[in-house]
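Student: Need a 3D model of the sequence below.
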Amino acid sequence: MLFDPSTDFGSRVARRVEQDYIGWLVTVDREGMPQPSPIWFLWRDEAFFIYSRPDAPKVRNINAHPAVALHLDGDGRGGDIVVFTGHAALVTANAAELDPAYLGKYRSGIASIGLTPETMAQEYSGLIKLTPTKLRGH
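Tutor: Numbers count the residues shown, from 1 in each chain. Have a look, this model is predicted:
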């Protein structure tokens, strides 16, 4: 496990991977430039799961360069920093439905962008799995 929830930092990380709403996924484009994208995520089995349009630039970037970073917003004053690095892959381009836990976390967000769970699953049918290998922060 990358973090020990019995420590102060580890307990904050554990809370944040479960409760934070937005993360920033950083991929690398074909010119080698970092490409940050705001994403919704689900933390499960020590990995992040991210639904995406299967033809999104981040998916093309991951297919070409699977090394990625995912960071959670800080506290606005340079504190509460959580940054994961690891490898990502598109595990399916045709997810039939949204994970129930993901749907529970983002139901209101899905509605706020004018989608239903069904239309979200159709448009964002690509499922990315990010397996973190390193963690840093404070």
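
Student: Now name the helix or strand holding Thr119.
Tutor: helix 117-123 (DSSP states H and E).

Student: Output that helix as PDB, restricted to C-alpha atoms.
Tutor: Output of helix 117-123 as PDB, limited to C-alpha atoms (Å, rounded to 0.1, in the frame of the first residue of the first chain):
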ATOM      1  CA  PRO A 117     -26.500   7.800 -15.800                       C
ATOM      2  CA  GLU A 118     -27.400   6.100 -19.100                       C
ATOM      3  CA  THR A 119     -26.200   8.900 -21.400                       C
ATOM      4  CA  MET A 120     -23.100   9.400 -19.200                       C
ATOM      5  CA  ALA A 121     -22.300   5.700 -19.700                       C
ATOM      6  CA  GLN A 122     -22.800   6.000 -23.400                       C
ATOM      7  CA  GLU A 123     -20.700   9.100 -23.900                       C
END
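
Student: who does it touch, helix- and strand-wise?
Tutor: helix 100-112 (3 or more CB pairs under 8 Å, 6 or more residues apart in numbering; DSSP states H and E). Glycine gets a C-beta too; all of them are placed from N, C-alpha and C.

Student: This structure: strands as residue ranges?
Tutor: With DSSP state E as the criterion, the chain has strands at 23-28, 34-39, 42-44, 47-52, 67-72, 82-92, 126-137.

Student: Spatially central residue in this protein, please.
Tutor: Phe41 (4.0 Å; CA atoms, centre = their mean).

Student: Looks like Ala14 contacts Pro5 (just checking).
Tutor: Yes: applying CB atoms under 8 Å, one finds Ala14 in contact with Pro5, separated by 4.3 Å.

Student: More neighbours: these two, which one.
Tutor: The neighbour count for Ala14 versus Pro5, taken as other CB atoms under 10 Å, is higher for Ala14 (17 against 12).

Student: ok, Val82 - contacts?
Tutor: Going by CB atoms under 8 Å, 6 or more residues apart in numbering, Val82 touches Arg12, Val13, Arg16, Val17, His71, Leu72, Leu135, Gly137.
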